[in-house]
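Asks: my questions are about this predicted structure, shown below with the sequence.
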Amino acid sequence: MSDEKLKLVETCALLILLKEGQEIANADLKNERGLELKRDSRERLVERGLVDVRKEGQRIYLGLSDGGWRRALTAIGSEPPARSGYAGATIYAQVDALRNYLQASGLALSDYYVPQGDAAPASATLQKPTTDDVIAQIRKAYDGIAGAPGDAVKLVRIREALPDDIGTAQVDEALTVMNRGSDVRIFAEANQKTLTAADRAAAVTIGNQDKHLIVLK
């Protein structure tokens with residue numbers, strides 16, 4: 001097996017196959033992606049066990065092999081080929097960033113690149129918690145912080161205890177709704193001099209007044 005460094009066009013072909021997660025006609029690589037993978041490059045990738053090639057009539061299909069999924073980044077290496085210019089530098093910088101991310105996260109390439117047909121619907125991946133969900137999380141956070149029902153708890157502590165997928169605006173909306181209930185009191189700190197920068201940043205504005213504390217009865 002040759003240890004010769006991959007050409008830039010071969011690296012680009014591997015990255016496209018990784019992203020697609022399925023077979024691509026060699027003609028489509030050229031016509032739709034502007035990448036012409038000639039015979040010598042195809043044979044080099046096959047020889048290295050990175051790509052499978054299949055012929056159907058006059059058409060040639062390329063797909064990442066099992067070895068390609070395991071060793072593509074190793075085969076690509078960390079330094080761009082000589083004389084590949086800014087295109088090579090840019091591509092290899094992104095490959096290096098991907099490699100660092102996978103190492104830090106413990107993910108494999110097959111975990112990172114999801115075939116298009118297997119991708120979760122946008123509505124599922126982008127769905128935000130409802131106001132009722134946020135209220136439930138606020139009550140849960142309060143119960144975990146307060147010594148007893150009726151104790152005053154700083155909003156900064158409540159916000160810190162909430163899941164990361166709940167945004168500031170969502171918390172503000174939920175607190176405003178909660179403040180209308182008979183069992184909730186959200187109020188300003190009487191001694192404003194005791195407030196820290198974090199206390200002020202975590203305040204919710206209700207009725208044109210910043211409020212810093214919450215009580216659940």
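Replies: All right, it came through fine. Residues are numbered from 1 along each chain as shown.
Asks: name the residues of the longest helix anywhere in the chain that are buried.
Replies: Across the chain, the helix with the greatest residue count (assigned by DSSP state H) is helix 85-105. Buried residues in helix 85-105, counted by 16 or more other C-beta atoms under 10 Å: 88, 91-92, 95, 98. C-beta: built from backbone N, CA, C; applies to glycine.
Asks: dump the residue contacts of the spatially most central residue of the chain.
Replies: Centroid-nearest residue in the chain, with C-alpha atoms, centre = their mean: residue 112, separated by 9.5 Å. Residue 112 makes contacts with 98, 101-102, as judged by C-beta atoms under 8 Å, 6 or more residues apart in numbering.
Asks: check what pLDDT it gets.
Replies: In this prediction, residue 112 carries a pLDDT score of 82.
Asks: gap between it and residue 135?
Replies: From residue 112 across to residue 135, the span is 35 Å (C-beta to C-beta, to the nearest Å).
Asks: quick one, strands of the protein?
Replies: 24-25, 51-56, 59-64, 153-154, 184-187, 204-206, 209-211, 213-216 (DSSP state E).
Asks: the third one pairs with which strands?
Replies: Right, the one you point to is strand 59-64. Strand pairing for strand 59-64, using DSSP bridges, gives strand 24-25 (antiparallel), strand 51-56 (antiparallel).
Asks: quick one, helices of the chain?
Replies: Going by DSSP H, the chain shows helices at 8-20, 26-33, 39-47, 66-76, 85-105, 109-112, 122-125, 131-145, 155-161, 168-178, 197-201.
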